[in-house]
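Asks: Take a look and give me a structure for this.
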Amino acid sequence: LTGLEPDTTYLYSVGDGSGDGWSEMAEFTTAPGRTEPFSFVYMGDAQNGLERWGSLVHNAFRQRPDAAFYIMAGDLVNRGNERDDWDSFFHSARGIYDRRPVVPAIGNHENQGGHPGMYLQMFDLPKNGPESIEPERAYTFRYSNAEFFVLDSNLTPESQSAWLENALKSSTATWKFAVYHHPAYSSSPDRDNPGIRDHWTPLFDKYHLDMALQGHDHAYLRTYPMKDQKKAGSTAEGTVYIVSVSGTKYYEQDPREYIEFGMTNVSTFQVLDIQISGNRLVYRSYDTDGKLRDNLIIEK
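Replies: Prediction:
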């Protein structure tokens, strides 16, 4: 779509041109053209149990109806090359995803067979990623005073490093977030991804990334602020790495020295609510019953 005004609500319907081939009316609101407070929801690894996961999404919407968009850090579905899984994913969040954008990263389940073909058919994403890889597998976008750098961790980290550095270097945003699937810091050493840690985290350090929003690990964790692959003195000096899991599959944790807070085999789902107002960020993690599980405040 082109020619849209900022901070404007539009009504729309989707159809095939026939008399009865149209959807119900829905609406979306465009991003503000200036710096304004906003919030977004972050989830990871819906993958299994999409009906139960749908309840979580609807609870999140009731709790945070003003969330501007929903970030999904990969493994949105279990079988990325099966249309039925995608139909279930969107159906489970009906009434929400036709009103709020989904901001996805590619997980290993979307990359089944070595290529995320059906994922790329499901979304229309910014085509501003590295020229060396297929369009829409990595991208960046700005919302208010925050910028988001979405990466494809199924590909080699090196294939995106030069683009990532240029994008981070040129960003004028107050807040910077990376979104990708395989975690640089996991809750067990056998699930670590040293290539990501070696190639991307030095760039996060150099350009003061605030948070890395990850998935894949199936065990919630939030690290201490990290710099040079060790604990930093404060959030002003390091990057906080988070793993969200919103599906029904959970792995055991082997607590690491960099984990400030973690949960394993939690029988409830998690939704992470991030609110930004000027130089203040408020991060909260809730379970499906709305119970606060974790929180963090960062001020600049």
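Asks: so where's the stretch 201-300 of the chain uncertain?
Replies: Within the stretch 201-300 of the chain, the ranges that satisfy pLDDT under 70 run 246-255, 260-271.
Asks: Please enumerate the strands of it.
Replies: 211-214, 220-223, 226-227, 230-231, 240-243, 259-263, 270-277, 280-287, 292-299 (DSSP state E, counting those that start in this stretch).
Asks: and the ones you listed, which is most packed in?
Replies: strand 211-214 (a mean of 28; mean count of other Cβ atoms under 10 Å). Glycine gets a C-beta too; all of them are placed from N, C-alpha and C.
Asks: Does that one pack against any helices or strands, and if so which?
Replies: Identification of packing neighbours for strand 211-214 by 3 or more Cβ pairs under 8 Å, 6 or more residues apart in numbering; DSSP states H and E yields strand 175-179, strand 240-243.
Asks: quick revisit: residue 42: which of the strands of the stretch 201-300 of the chain is closest?
Replies: Proximity to residue 42 (Cβ to Cβ) singles out strand 270-277 among those, at 4.3 Å.
Asks: Next, the angle from that closest one to strand 175-179.
Replies: If you take axes from the mean of the first three to the mean of the last three Cα atoms, to 10 degrees, strand 270-277 sits at 160 degrees to strand 175-179.
Asks: Strand 270-277 to strand 292-299, inter-axis angle?
Replies: Using the same axes, to 10 degrees: strand 270-277 against strand 292-299 is 20 degrees.
Asks: Can you list the neighbours in contact with strand 270-277?
Replies: Applying Cβ atoms under 8 Å, 6 or more residues apart in numbering, the contact partners of strand 270-277 are 37-43, 56-57, 59-60, 63-64, 67, 144-146, 175, 211, 220, 242, 244-246, 263, 281-288, 293.
Asks: Show me the helices in this protein, by range?
Replies: Ranges of helices within the chain are 50-63, 83-92, 117-122, 158-170, 194-199, 201-206, based on DSSP state H.
Asks: and of the ones you listed, who's closest to residue 6?
Replies: If you check each of the helices of the chain against residue 6 by Cβ to Cβ, helix 158-170 wins as the nearest, at 21.4 Å.
Asks: Okay, buried residues for the closest one please.
Replies: 159-161, 163-164, 167-168 (16 or more other Cβ atoms under 10 Å).
Asks: With stretch 41-54 instead?
Replies: Neighbour-count burial for stretch 41-54 [16+ other Cβ under 10 Å]: 41-47, 49-50, 52-54.
Asks: end to end, how far does it reach?
Replies: Stretch 41-54 stretches 14 Å from its first residue to its last (Cα to Cα, to the nearest Å).
Asks: any idea how far that stretch is from the chain center?
Replies: Relative to the chain's own centre, stretch 41-54 is displaced by 12 Å; criterion: Cα atoms, centre = their mean, to the nearest Å.
Asks: What average pLDDT does it get?
Replies: Stretch 41-54 carries an average pLDDT of 76.
Asks: doesn't residue 39 make contact with residue 144?
Replies: No. Here residue 144 lies out of contact with residue 39, judged by Cβ atoms under 8 Å, at a distance of 10.3 Å.
Asks: So which of these two has more stuff around it?
Replies: More neighbours surround residue 144 than the other of residue 144 and residue 39, with 20 against 17 (other Cβ atoms under 10 Å).
Asks: ok, back up a step: could the strands of the stretch 201-300 of the chain go into JSON lines alongside distance to residue 106?
Replies: As requested, the strands of the stretch 201-300 of the chain are exported to JSON lines (distance: least, Cβ to Cβ, whole Å):
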{"stretch": "strand 211-214", "distance to residue 106": "13"}
{"stretch": "strand 220-223", "distance to residue 106": "21"}
{"stretch": "strand 226-227", "distance to residue 106": "24"}
{"stretch": "strand 230-231", "distance to residue 106": "29"}
{"stretch": "strand 240-243", "distance to residue 106": "16"}
{"stretch": "strand 259-263", "distance to residue 106": "25"}
{"stretch": "strand 270-277", "distance to residue 106": "19"}
{"stretch": "strand 280-287", "distance to residue 106": "23"}
{"stretch": "strand 292-299", "distance to residue 106": "26"}
